[in-house]
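Trainee: Got a sequence here, can you build the structure:
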Amino acid sequence: MIFKDMEELRRHLKIGVPLPCYFIGGADDRRKRSILNKIVSITTEGGTGFDNHRFSGNVSADTVADAAFEITFGGGRRCVVCEDLPFGSMGENEYKKFEQLIAEVSELGGSTVLVFVFFSADTEAKKDSKTTSTGKKSRFEPLKKLIDKCGGGVIKCEVPTTAELCSLIEKTCAKYKCSIHRDLCSYMVERCGSDSALLQNEARKVAEYKGSGIISKADIDLMTCATPDAKVFDLSAKIAARDRAGAFSVLEELREMGEKAPLILNILSSNYIDMFRAKAARSCGKTKNDIAADWPKSYPKPRQFLIDKALTAQSRYSNAALLQCIDTLLDAEQRMKSTGGNEDIILDETVAKLFSIR
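Mentor: Next up, the predicted model:
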């Protein structure tokens, strides 16, 4: 079966009876890993023991078949996981062997569960294309159809949208007899990131602290942990507002969080690149949707709030000033990589230089 959404998949996994074969793909690696672990757990009673086999990369169909059909030690199910198999570059005969293996495993009545999961961008990047980079026909779509036809499950794990994440926060707070406005749900996504499991936990913490009633922004700030991205955005906002003391205070907070200077510099550079893109887009009449379409990898749906922030922040700078800021940040990156100097000192100097750019 092809699972339409995560709710349908959750209901299936809750029953605890696995299908004979699964195909797990999509862009959300965290969700893929979570689903894989759940399938393995319900198949082999916790995912441990001799009846759990894992293969990765270029493994032969014969090797996988040996694991799939071996005698179980406990008399239960076998679970065979294959990560990032290179079906696109695989020979035709070898691919046919995997097709035959899927059909044979499906006839075992559930004694073996075979899972194909794809974490590497290279192995599934063109899964919906008609041809691969080598000119061969894509094998992912036929593979999905075969698994579906044989009674297996096809799971597509896409990164949840901001609306989905906000709904998750609202439902979590409601379980603890609290309510939260939708705009504060969006704020929590911006502050804590788009990891659904982490967001659910952060919402639970806030709701337990509140006890009942309407959750406020102050409650969120007190009880949740801001991601480095959110803190660095605060840093760039302090710089734009000419708040020197505030900027270096944020820098100190980031260091107390254990964040290293190269990561802080990388995120800070991304903020200025966002602003430059926003200013360029604004100058030629492009919209937020145009920016998201032009740079889909930089602004997936849960992170499109970055465009809104950039469109607001870019008004504080001219094109020339933004270019000068980006040059300053690039120079700092090169110094960190090549001179062997103290990275924290280089970062402090760079922030000071950004204040000097009008």
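
Trainee: Would you point out the helix or strand in the chain whose mean pLDDT is lowest?
Mentor: Counting by mean pLDDT, DSSP states H and E, the chain has its least confident helix or strand at helix 121-124, which shows a mean of 47.

Trainee: In terms of helices and strands, where is the closest residue to S60 other than its chain neighbours?
Mentor: Distances taken as Cβ to Cβ, 6 or more residues apart in numbering place E94 nearest to S60, at 6.9 Å, with adjacent residues excluded. C-betas here are computed from N, CA, C, even on glycine. Here E94 sits within helix 92-106, counting by DSSP states H and E.

Trainee: Could you write out the alpha-carbon coordinates of that helix in PDB?
Mentor: The C-alpha trace of helix 92-106 is given here as PDB (Å, rounded to 0.1, in the frame of the first residue of the first chain):
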ATOM      1  CA  GLU A  92      20.100  -5.200 -15.100                       C
ATOM      2  CA  ASN A  93      20.500  -8.800 -14.000                       C
ATOM      3  CA  GLU A  94      21.300  -7.800 -10.400                       C
ATOM      4  CA  TYR A  95      18.300  -5.500 -10.400                       C
ATOM      5  CA  LYS A  96      16.100  -8.300 -11.600                       C
ATOM      6  CA  LYS A  97      17.300 -10.500  -8.700                       C
ATOM      7  CA  PHE A  98      16.100  -7.800  -6.200                       C
ATOM      8  CA  GLU A  99      12.700  -7.700  -7.900                       C
ATOM      9  CA  GLN A 100      12.500 -11.500  -7.600                       C
ATOM     10  CA  LEU A 101      13.600 -11.300  -3.900                       C
ATOM     11  CA  ILE A 102      10.800  -8.800  -3.200                       C
ATOM     12  CA  ALA A 103       8.300 -11.200  -4.700                       C
ATOM     13  CA  GLU A 104       9.600 -14.200  -2.800                       C
ATOM     14  CA  VAL A 105       9.800 -12.400   0.500                       C
ATOM     15  CA  SER A 106       6.200 -11.200   0.100                       C
END
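
Trainee: Remind me what the helix or strand just after that helix packs against, helices and strands.
Mentor: As assigned by DSSP H and E, the chain's next helix or strand after helix 92-106 is strand 112-117. Contacts defined by 3 or more Cβ pairs under 8 Å, 6 or more residues apart in numbering; DSSP states H and E place strand 112-117 against strand 21-25, helix 29-43, helix 61-68, strand 78-83, helix 92-106.

Trainee: rerun at 7 Å
Mentor: Using 3 or more Cβ pairs under 7 Å, 6 or more residues apart in numbering; DSSP states H and E, the elements in contact with strand 112-117 are strand 21-25, helix 29-43, strand 78-83, helix 92-106.

Trainee: And the helix or strand that I273 is a member of, what's buried?
Mentor: Using DSSP H and E, I273 sits in helix 261-283. By 16 or more other Cβ atoms under 10 Å, the buried positions in helix 261-283 come out as 261, 264-265, 267-279, 281.

Trainee: picking up where we left off before, between strand 21-25 and the helix holding E94, find me the angle.
Mentor: Relative orientation of helix 92-106 versus strand 21-25 (axes from the mean of the first three to the mean of the last three Cα atoms, to 10 degrees): 120 degrees.
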